[in-house]
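S.K.: Build the 3D model from these lines:
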Amino acid sequence: DRVKSNKHLVVNSIIDSVENYQYIPDSCKLDRELVLKMLGYNIELFPLISDKFKNDVEFIISAVKKNCRILKYADKTLLPHSFWELNVIDNPLLFEYAPEHIKDMYSIAQIVIEKNPSMYEYLSNNLKNKRDLALMGVKKNGAILATLSAELRDDFEIVLAACNDSIFVYQYASQELKNNKDLILEILDNNRDKNVSFIFNHMNENLLKEYDILLAMAYNSLLSVDKLSDELKKDKNLKKKILQKNPSEVYNYAYYHKLDELNNKDAQERQEFILEAIIANPVTIKYLEEEWKDKDFYINYETVIIL
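M.R.: Next up, the predicted model:
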């Protein structure tokens, strides 16, 4: 009994398994502070504790402050309106368990979404359709776009904000916006440091023929070159613009073979193209085949290249 009454051992036993609760002395089960401490470590204990504590509002509030997930088991109707208004703002995670009238309060929803956008899914249906709350949410968590109404997924500003947070949510935009050239160009311009090749899988094929979209794509990632039509792969003007637009990735020389099938060109044409790449970014030399690393190859050009 002395061992069983050791509070430290009691708490550790509950951390291991709530099934150990049956072996705890009654004196420990009625120790308010000890029960609160055990609940802080294991919320699954709540259904087993004394009804004396389950029906005690102050006890529940104290338990919630230790671990708000206690509300998964506690009787939430016991908590007064004032509790929710005061505490949800400080701890947005409480919003998941809040009564419907709290989830439908605009002023509280604003603060909760600002602090923790993942709580957006727990808004009332009425507030989920509020454009300003949706915009606030997707700016912080683009994945929210997938949960929005068809009307909001057809909103240019909301979709753009969501894609700026996560380019992968582009797939959840309305069909009309997926085919909106202006939207795509803005997304590409705002995500220059990200791999945007994902967008190709959800874009209208006609847009793949748009010169400025292809340039923007190549600016972001040379992986996008794979998607160029055979005709555009042979377009020297486009090739030069890509070299100028995206010097930071010019060194990845292998992808440039896909632009105009360099292996099938004569030596002069290949030499001219390779020089364009080197002038754009000298690091390209590191990735050239051995036959193109001859110093004489560069000797007549003004650009000074350190090999």
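
S.K.: hey, let's count contacts and neighbours off CA atoms from now on
M.R.: OK.

S.K.: And the contacts of the strand or helix carrying residue 85?
M.R.: Counting by DSSP states H and E, the secondary-structure element that holds residue 85 is helix 81-90. The set of residues external to helix 81-90 that reach it, using C-alpha atoms under 8 Å, 6 or more residues apart in numbering, is 94, 95, 98, 102, 108, 111, 112.

S.K.: Kindly recompute the last result at 6 Å.
M.R.: Outside helix 81-90, the residues that touch it by C-alpha atoms under 6 Å, 6 or more residues apart in numbering are 94, 95.

S.K.: buried set for that helix?
M.R.: Within helix 81-90, the residues that count as buried by 16 or more other C-alpha atoms under 10 Å are 84, 88, 89.

S.K.: so can I have JSON lines of the residues you listed showing distance to residue 52 and pLDDT?
M.R.: Listed next are the buried residues of helix 81-90 as JSON lines, based on distance: C-alpha to C-alpha, whole Å; pLDDT from 0 to 100:
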{"residue": "84", "distance to residue 52": "23", "pLDDT": "93"}
{"residue": "88", "distance to residue 52": "26", "pLDDT": "92"}
{"residue": "89", "distance to residue 52": "29", "pLDDT": "90"}
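
S.K.: Past the helix holding residue 85, which element shows up next along the chain?
M.R.: helix 100-103.

S.K.: Show the subsequent helix or strand relative to that following helix.
M.R.: Counting by DSSP H and E, the next helix or strand C-terminal to helix 100-103 is helix 106-115.

S.K.: For that following helix, give the mean pLDDT please.
M.R.: Across helix 106-115, the average pLDDT comes to 94.

S.K.: now the angle from that helix to helix 81-90?
M.R.: Angle, helix 106-115 to helix 81-90, by axes from the mean of the first three to the mean of the last three C-alpha atoms, to 10 degrees: 30 degrees.

S.K.: quick one: buried residues of whichever helix or strand comes after helix 106-115?
M.R.: Remark: after helix 106-115, the chain's next helix or strand is helix 125-128, criterion DSSP H and E. The neighbour-count check on helix 125-128 (16+ other C-alpha under 10 Å) flags 127, 128 as buried.

S.K.: With stretch 135-154 instead?
M.R.: Neighbour counts over stretch 135-154 (16+ other C-alpha under 10 Å) mark 135-146, 148, 152-154 as buried.

S.K.: which one among those residues gets closest to residue 201?
M.R.: Of all the buried residues of stretch 135-154, residue 146 has the smallest distance to residue 201: 17.0 Å, by C-alpha to C-alpha.

S.K.: Contact partners for the closest one?
M.R.: Applying C-alpha under 6 Å, 6+ apart, one finds that residue 146 lies in contact with residue 172.

S.K.: Offset the numbering so it begins at 25, please.
M.R.: Shifting the count to begin at 25 puts that one at residue 170.

S.K.: what's the pLDDT at it?
M.R.: According to the per-residue confidence, residue 170 scores 95 in pLDDT.

S.K.: Repeat that for the one 3 residues further on.
M.R.: Here the pLDDT value assigned to residue 173 is 94.

S.K.: ok, now residue 201?
M.R.: Each residue has a pLDDT score; the one for residue 201 is 93.

S.K.: Can you name the helix or strand that it falls in?
M.R.: helix 199-202.

S.K.: pull the CA atoms of the helix holding residue 109 into PDB?
M.R.: These are the backbone C-alpha positions of helix 105-114, laid out as PDB (Å, rounded to 0.1, in the frame of the first residue of the first chain):
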ATOM      1  CA  HIS A 105     -20.200  31.000 -22.100                       C
ATOM      2  CA  SER A 106     -17.600  33.300 -20.400                       C
ATOM      3  CA  PHE A 107     -15.100  30.500 -20.300                       C
ATOM      4  CA  TRP A 108     -15.200  30.000 -24.000                       C
ATOM      5  CA  GLU A 109     -15.000  33.700 -24.800                       C
ATOM      6  CA  LEU A 110     -12.000  34.300 -22.600                       C
ATOM      7  CA  ASN A 111     -10.000  31.100 -23.200                       C
ATOM      8  CA  VAL A 112     -10.500  30.400 -26.900                       C
ATOM      9  CA  ILE A 113      -8.700  33.600 -27.700                       C
ATOM     10  CA  ASP A 114      -5.700  32.700 -25.600                       C
END
